[in-house]
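1. The following comprises the amino acid sequence and a computationally predicted model.
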Number of protein chains: 2
Amino acid sequence: MKRIEVCLTPELLHLYDVRNKAVVIVDVLRATSCMVTALAHGAAEIFPVASLDACRKMKAAGYQLAGERDGLKVEDFDKGNSPFEYLEDIAGKKIAFTTTNGTQAIEKSRDAPILVIGAFLNLSAVARFVEQQPHSVLIVCAGWKGRYSLEDTLFAGALVEKWQSVGTLDCDAGLSALHLYRAAKENLAGFLEQSSHVRRLNRLNIHRDLEFCVTTDTYDVVPILMNNRLVTNRPATRGPQSG
Amino acid sequence: MKRIEVCLTPELLHLYDVRNKAVVIVDVLRATSCMVTALAHGAAEIFPVASLDACRKMKAAGYQLAGERDGLKVEDFDKGNSPFEYLEDIAGKKIAFTTTNGTQAIEKSRDAPILVIGAFLNLSAVARFVEQQPHSVLIVCAGWKGRYSLEDTLFAGALVEKWQSVGTLDCDAGLSALHLYRAAKENLAGFLEQSSHVRRLNRLNIHRDLEFCVTTDTYDVVPILMNNRLVTNRPATRGPQSG
């Protein structure tokens, strides 16, 4: 029977074997939420890169440069890390993306046979996708600079809850994530008020990003890593417009 | 103001600076529960060592050899890792102790100015101790072979709950631990039924160890690392006898 496990931060990835797993990368605030949003609104592809310099080199190949360091947009980049920047004027665009945590988690998981991107925005789509593929599942929480983060763990708990009829859970991290999600799910934004990342975001005055990122099932797309690019086979879907 | 943080496994310790922290090591099932029990019943000292061979070398210096690997007593050792082995015939004894997770966590935290041993058995005593010393607090969960474990996180949550009037909590791991503890505290053993370590212990048929280890405040001692030995200044206390 297929299993589901949760790796609470990329710093623990060496304890797991990703080579026979379907890996779900999650960085709710905000990298994977941006990626889902961009592909849902028709971006051609997202090229995740770990370093700022590797990102800059993609400019010549026709990529828009996107991402953040420490939650802030990089000065010479085209886009930052707010999902509201990926709602319009994105169709057909190629994006090179680098963030503090999310793209690092992808980098460390590249040996997985299947790697997809999860966020609350595409929770049910990801759940259906991983149920249908043949591998056991490893959810990799991006965390914050190697440390545990509550919001990514809550997403893991949400995915574990949907998984329970499909396979087994033999992992204390997944069990804890499930407990936490059940305590939080009626009011995710409220539950996250005390989390360190939300307090960082509040200092950046981007509370509306939080509200957007904890909305469930806005989109039906699953970004999949193929040839080092995140793509989706689905056509662009309708969703919220910027405002 | 003093802070409290939780390191969810020793594999994440490089992300924290222990050199200005009071570190609380916890390995509820069962290393730190045994250590507390042994010192409460009058053991002279516990010498924690990371390897089996380092432990064996202490025999010539008059130490009893104690500990486990993968939950099982080491064949040529005097004692295993059940707290019931540390209730009687322990007064004045010197113990060399090595376990899969707990002693490794101590090893990695040796640079801390204060290192104490926590378990549910001495929860309130540890809380009082760390409140009174000058440093911020780092709870180091021993986990299982580097991975996160639920039972150690629940202890961390219990200590965070007691801490809240003393200092600040700026750590998602501590926040999650607190949520989990509040969900679990009415029935810790029941809450842990699905945890991977408890299922391992159940296979070893030592459920009574679990019941013992999740009992709160049986003892009033705080094991403190001094000159590489765990000692306590308090006289042996009365507590449960083996049975």
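-> Noted; the coordinates are in hand.
2. wait, isn't A:E151 in contact with A:V198?
-> Yes - assessed by C-beta atoms under 8 Å, A:E151 is found in contact with A:V198 at 7.3 Å. For the C-beta atoms, the positions are set from N, CA and C on the backbone; glycine is no exception.
3. which neighbours do these two share?
-> Listed as contacting both A:E151 and A:V198 by C-beta atoms under 8 Å, 6 or more residues apart in numbering or on different chains are A:29, A:192.
4. Neighbour count: these two, which is higher?
-> A:E151 (32 against 22; other C-beta atoms under 10 Å in any protein chain shown).
5. list the contacts for that one?
-> Residues near A:E151 by C-beta under 8 Å, 6+ apart: A:28-29, A:192, A:195, A:197-198, A:213-214.
6. The lowest-mean-pLDDT helix or strand in chain A near chain B anywhere?
-> Here the helix or strand of chain A ranked lowest by mean pLDDT, DSSP states H and E is helix A:196-203, holding a mean of 76. Yes - contact between helix A:196-203 and chain B, assessed by C-beta under 8 Å from any C-beta of the partner chain, occurs at A:196-197.
7. ok, how many other residues are close to the closest residue to A:V198 other than its chain neighbours?
-> Counting by C-beta to C-beta, 6 or more residues apart in numbering or on different chains, A:L192 is the residue found nearest to A:V198 once chain neighbours are left out, at 4.7 Å. As a burial measure, A:L192 scores 25 neighbours (other C-beta under 10 Å).
8. Show the model's pLDDT score for A:T9.
-> pLDDT recorded at A:T9 is 98.
9. Contact partners for it?
-> A:141-143, A:146-149, B:12.
10. Can you select the buried ones from the residues you listed in ChimeraX?
-> Those of these that count as buried under 16 or more other C-beta atoms under 10 Å in any protein chain shown are selected in ChimeraX with:
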select /A:141,142,143,147,148,149 /B:12
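11. farthest pair in the contacts of A:T9?
-> A:A142 and B:L12 (14.4 Å; C-beta to C-beta).
12. Look up which helix or strand the residue nearest the centre of chain A falls in, please.
-> The centre of chain A sits closest to A:T32, judged by C-alpha atoms, centre = their mean, with a distance of 2.7 Å. Taking DSSP states H and E as the criterion, the element that holds A:T32 is helix A:31-40.
13. which of the residues in that helix are buried?
-> Neighbour counts over helix A:31-40 (16+ other C-beta under 10 Å) mark A:31-40 as buried.
14. Return only those of those found close to chain B.
-> Of the residues in the buried residues of helix A:31-40, proximity to chain B by C-beta under 8 Å from any C-beta holds for none.
15. got those as TSV, with pLDDT columns?
-> Shown next, in TSV, are these (pLDDT from 0 to 100):
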residue	pLDDT
A:A31	95
A:T32	97
A:S33	97
A:C34	97
A:M35	97
A:V36	98
A:T37	98
A:A38	98
A:L39	97
A:A40	97
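16. and of these, the nearest to A:K185?
-> Ranked by distance to A:K185 (C-beta to C-beta), the buried residues of helix A:31-40 are led by A:S33 at 17.2 Å.
17. burial of A:A112, as a residue count?
-> Residues lying near A:A112 (other C-beta under 10 Å) number 23.
18. Can you name the residues that contact it?
-> By C-beta under 8 Å, 6+ apart, A:A112 lies in contact with A:18-19, A:21-23, A:138.
19. any idea which of the contacts of A:E151 is closest to chain B?
-> Taking C-beta to the nearest C-beta as the measure, chain B lies nearest A:S195 of the contacts of A:E151, at 5.3 Å.
20. related to what we said a few turns ago, you'd agree the residue nearest to A:V198 is in a helix?
-> Yes - A:L192 forms part of a helix when assessed by DSSP: H, G, I helix; E, B strand; the rest coil.
21. What parts of chain A come near chain B?
-> For chain A, the residues in contact with chain B (C-beta under 8 Å from any C-beta) are A:8-9, A:11-12, A:15, A:144-150, A:153, A:170-173, A:175-176, A:179-180, A:183, A:194-197.
22. Could you rerun that using 6 Å?
-> Selection of chain A residues close to chain B by C-beta under 6 Å from any C-beta of the partner chain yields A:8, A:11-12, A:15, A:146-150, A:172-173, A:175-176, A:179-180, A:183, A:194-196.
23. among the residues you listed, which are in helices?
-> Mapping the residues of chain A next to chain B onto helices (DSSP state H) picks out A:150, A:172-173, A:175-176, A:179-180, A:183, A:196.
24. In those, which residue is surrounded by the most others?
-> Within these, neighbour counts (other C-beta under 10 Å) peak at A:A173, which reaches 30 neighbours.
25. May I have the residues that are in contact with that one?
-> By C-beta atoms under 6 Å, 6 or more residues apart in numbering or on different chains, the contact list for A:A173 reads A:6, A:8, B:148.
26. Wait, A:E107 touches A:A50, no?
-> Yes - counting by C-beta atoms under 6 Å, A:A50 is a contact partner of A:E107 at 4.5 Å.
27. I'd like the buried residues of helix A:31-40 laid out as JSON lines, including distance to B:G118.
-> Below are the buried residues of helix A:31-40 laid out as JSON lines (distance: C-beta to C-beta, whole Å):
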{"residue": "A:A31", "distance to B:G118": "36"}
{"residue": "A:T32", "distance to B:G118": "36"}
{"residue": "A:S33", "distance to B:G118": "37"}
{"residue": "A:C34", "distance to B:G118": "41"}
{"residue": "A:M35", "distance to B:G118": "41"}
{"residue": "A:V36", "distance to B:G118": "41"}
{"residue": "A:T37", "distance to B:G118": "44"}
{"residue": "A:A38", "distance to B:G118": "46"}
{"residue": "A:L39", "distance to B:G118": "46"}
{"residue": "A:A40", "distance to B:G118": "47"}
